[in-house]
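1. Model the structure of this input:
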Amino acid sequence: MGYNAEFRRSIDHPEEFWRDQAGAINWIKAPETIWQATDNGHGDWFPDGILNTSDIALDANVRAGRGEQKALIYDSPVTGAKRSYTYNELTAEVARFAGALAARGITKGDRVVIYMPMIPEAVIAMLGCARLGAVHSVVFGGFAAHELAVRIEDARPKAVITASCGIEVAKVIEYKPLVDKAIEQSTHKPEFCVVYQRPQAQAQLHDGRDFDWTELVAGADPADPVPVNATDPLYILYTSGTTGKPKGVVRDNGGHAVALKYSMKLVYDAVPGDVFWAASDVGWVVGHSYIVYAPLFAGCTTILYEGKPVRTPDAGAFWRVVQDHNVNLLFTAPTAFRAVRKEDPEADQLQLYDTGSLRRIFLAGERLDPPTYDWLREHTQLPVLDHWWQTETGWAICCNPVGIETLATKPGSATVPSPGYNVQVVDPGGSQLPAGEQGQIAVRLPLPPGCLMTVWENDQRFQDSYLNPVPGFYSSGDGGFIDEDGYVFVMGRTDDVINVAGHRLSTGEMEEVVASHPAVAECCVVGAHDDLKGQVPLGLVLIKDGATIDHDELEEELVEMVRENIGAIACFQRALVVDRLPKTRSGKILRRVIRQIADGEAYSVPGTIDDPSILEEINDQLHQ
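-> Predicted coordinates for the structure are as follows:
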């Protein structure tokens, strides 16, 4: 069956389609009801099914004879440590840690906040919670105490699991003082904390509340998987909200397992035994879906990498990991390879390693700009596949469905909707727009399995944020268009469409033009306030290492390029060369904050920012 037939079946006969996909996982009690409508039109998947996510990820692989296959490989260039766990070993570690939590009173439905660096214990903690039916909420290690406190306040966890420190390149960040401060700030007080002591920093433990991980686990009896309903929550993952208060995206157990198992074949064409590397962090949705859960559901070996694409130690870091661990499938964000390209424009480092095991490179998390796509294709000679999804969906809304049929790629497009996602481009009234016309991208309800169930303890916010903006649809918040071949082009958040003298223009299109300049390593374009035209585009540009072009000359060339490619109507007249772009820890550029700075508005420093000092630098440059 080709892509078109599978997609049509998923839309026209969704219950039959997803019943077949549900048959690919190990249920404790297989569902008889596949989908059940709810008042909001979203619905529940597999409502009478019973399973355990940890069992599907671990025990099921042992039962299938993969016990001695590697399940998890830990590679830490910042510490020099490397470890691997077979499915037998990882199952035993998870069962024992789950037993330690159970002995401290953690039961099904309890929330547990996990605030950990990229170490195996983070994965063990997540799977250990899932084994008990406890709901984990992972917070990116190193987040400010206030941001952690907000999440503790909202999720009301019975326990916090942390480590003594994280390591950012050459800097040790002590976690325990941040956790202590967060608990102090929160009105909700967890009953206890588990602390994994790392040799780079030893945490001080509070008597009665804090427990050493190693000591707690040493005497624990292993716990068996606890049966849970398919609709019971597996985890809460907080994503930024327009109000400043983060939204707790709730993921279920059953739909999540079915969708992620299906996605490993559909999106990545992964088979049991493949070495799968998602170069992300467990604090983000990519880390949840494609470091921890999906590769294990699929019987793959997953890589846990505690490092960066550059500076740990150099721009060859990714290629070294591919070589050392025979990685077959690599998935990361475009910003990672933009960083590599900036430091190694000719890909000299790539030539130093044997990357012959690598079959495909996948990119997501932000828009894949054509220059980065072209650079990767040219130097690796591998398929480079963009796909588009969100924290809320948990897996790809659009992809090149290589597990069914490999479609031709189009630079700038995430290719076509994944089976299960009825993607449409609509106007503000919800009417479908013709091919090629830009509007907001929405998914007709119901969403497929694996997507968010609601916002944690705030159904109204779920409705207001996602379902009410376009009745009958899930509103993605992204804008773009679908071409005559059905390819989806995501051009950026709908608030990144700027209005210049009454003309709606995409900053994504301008970024494509600016990024194509041979001296430009990375860029972003935002709309800045203009008294005459309403908004005008402002470009921020990073120059490639070794490029010697004069800044004024570069600005003139970029202005002319935008004029030639988009037209004078774009009014692109300013391109500011900067040393760094403000980004979240996951690599997304903080365009809204840049726009506020450009407009002279008050702005708050997001808790997700990688380095707050960058904002001051940009403010000084823009307003000097």
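2. from here on, contacts and neighbour counts on C-alpha atoms
-> OK.
3. any idea how far Glu617 lies from Leu542?
-> 14 Å (C-alpha to C-alpha, to the nearest Å).
4. okay, those two: which has more neighbours?
-> Leu542 (19 against 15; other C-alpha atoms under 10 Å).
5. Run through who's touching the helix or strand containing that one.
-> Leu542 is part of strand 534-543, with elements assigned from DSSP states H and E. Contact with strand 534-543 is made by 342, 498-501, 507, 519-530, 570-581, as judged by C-alpha atoms under 8 Å, 6 or more residues apart in numbering.
6. Next secondary structure after it?
-> Counting by DSSP H and E, the next helix or strand C-terminal to strand 534-543 is helix 551-565.
7. Just the CA trace of that following helix, in CSV.
-> Output in CSV follows, covering the C-alpha atoms of helix 551-565 (Å, rounded to 0.1, in the frame of the first residue of the first chain):
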residue,chain,number,x,y,z
HIS,A,551,29.0,44.7,7.6
ASP,A,552,27.6,47.7,5.6
GLU,A,553,28.4,45.9,2.3
LEU,A,554,26.7,42.7,3.6
GLU,A,555,23.6,44.7,4.5
GLU,A,556,23.5,46.3,1.1
GLU,A,557,23.7,42.9,-0.6
LEU,A,558,21.0,41.4,1.6
VAL,A,559,18.7,44.3,0.9
GLU,A,560,19.2,43.9,-2.8
MET,A,561,18.7,40.1,-2.6
VAL,A,562,15.4,40.4,-0.8
ARG,A,563,14.3,43.1,-3.3
GLU,A,564,15.1,40.8,-6.1
ASN,A,565,13.5,37.6,-4.7
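8. Show residues contacting it.
-> With C-alpha under 8 Å, 6+ apart as the criterion, helix 551-565 contacts 510, 513-514, 517, 568-577.
9. how about JSON lines for those, with neighbour count added?
-> Formatted as JSON lines, the contacts of helix 551-565 follow (neighbours: other C-alpha atoms under 10 Å):
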{"residue": "Met510", "neighbour count": "25"}
{"residue": "Val513", "neighbour count": "20"}
{"residue": "Val514", "neighbour count": "28"}
{"residue": "His517", "neighbour count": "16"}
{"residue": "Ala568", "neighbour count": "13"}
{"residue": "Ile569", "neighbour count": "13"}
{"residue": "Ala570", "neighbour count": "23"}
{"residue": "Cys571", "neighbour count": "18"}
{"residue": "Phe572", "neighbour count": "23"}
{"residue": "Gln573", "neighbour count": "17"}
{"residue": "Arg574", "neighbour count": "17"}
{"residue": "Ala575", "neighbour count": "23"}
{"residue": "Leu576", "neighbour count": "18"}
{"residue": "Val577", "neighbour count": "19"}
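10. From these, pick the one nearest Asp55.
-> Set against Asp55, the nearest of those by C-alpha to C-alpha is Met510 (47.8 Å).
11. wait, Arg111 sits on Val135?
-> Yes - assessed by C-alpha atoms under 8 Å, Arg111 is found in contact with Val135 at 4.6 Å.
12. tilt between the strand holding Leu542 and helix 551-565?
-> Here strand 534-543 runs at an angle of 120 degrees relative to helix 551-565 (axes from the mean of the first three to the mean of the last three C-alpha atoms, to 10 degrees).
13. what's the model's confidence in strand 534-543, averaged?
-> Across strand 534-543, pLDDT averages out at 93.
14. what distance separates whichever strand or helix holds Ser476 from the middle of the whole chain?
-> Counting by DSSP H and E, the element that carries Ser476 is strand 473-482. Strand 473-482 has its C-alpha centroid displaced from the chain centroid by 18 Å (C-alpha atoms, centre = their mean, to the nearest Å).
15. all helices for the stretch 501-624 of the chain, in order.
-> Secondary structure of the stretch 501-624 of the chain (DSSP state H, counting those that start in this stretch): helices at 507-515, 551-565, 591-598, 613-623.
16. Could you dump these into a markdown table and include distance to His188 and mean pLDDT?
-> Compiled in a markdown table, these are given as follows (distance: least, C-alpha to C-alpha, whole Å; pLDDT from 0 to 100):
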| stretch | distance to His188 | mean pLDDT |
| --- | --- | --- |
| helix 507-515 | 42 | 89 |
| helix 551-565 | 52 | 93 |
| helix 591-598 | 31 | 90 |
| helix 613-623 | 31 | 89 |
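17. still on that earlier bit, the contacts of strand 534-543, buried ones only, as a PyMOL selection?
-> Entered in PyMOL, the line below selects the buried ones among the contacts of strand 534-543, by 16 or more other C-alpha atoms under 10 Å:
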select buried, resi 342+498+499+500+507+519+520+521+522+523+524+525+526+527+528+529+570+571+572+573+574+575+576+577+578+580+581
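18. re the thing from before, list the buried residues for the strand holding Leu542?
-> 535-543.
19. Next, the angle helix 591-598 makes with it.
-> Put simply, strand 534-543 runs at 110 degrees to helix 591-598, going by the same axes, to 10 degrees.
20. one step back: could the buried residues of strand 534-543 go into JSON lines alongside distance to Thr406?
-> JSON lines is the format used below for these (distance: C-alpha to C-alpha, whole Å):
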{"residue": "Gln535", "distance to Thr406": "41"}
{"residue": "Val536", "distance to Thr406": "40"}
{"residue": "Pro537", "distance to Thr406": "37"}
{"residue": "Leu538", "distance to Thr406": "38"}
{"residue": "Gly539", "distance to Thr406": "36"}
{"residue": "Leu540", "distance to Thr406": "36"}
{"residue": "Val541", "distance to Thr406": "35"}
{"residue": "Leu542", "distance to Thr406": "34"}
{"residue": "Ile543", "distance to Thr406": "35"}
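21. what about the spatially closest residue to Pro272 that is not a sequence neighbour, how many neighbours?
-> In space, Pro272 comes closest to Gly299 once its chain neighbours are excluded; the distance is 4.4 Å by C-alpha to C-alpha, 6 or more residues apart in numbering. Close neighbours of Gly299, defined as other C-alpha under 10 Å, add up to 27.
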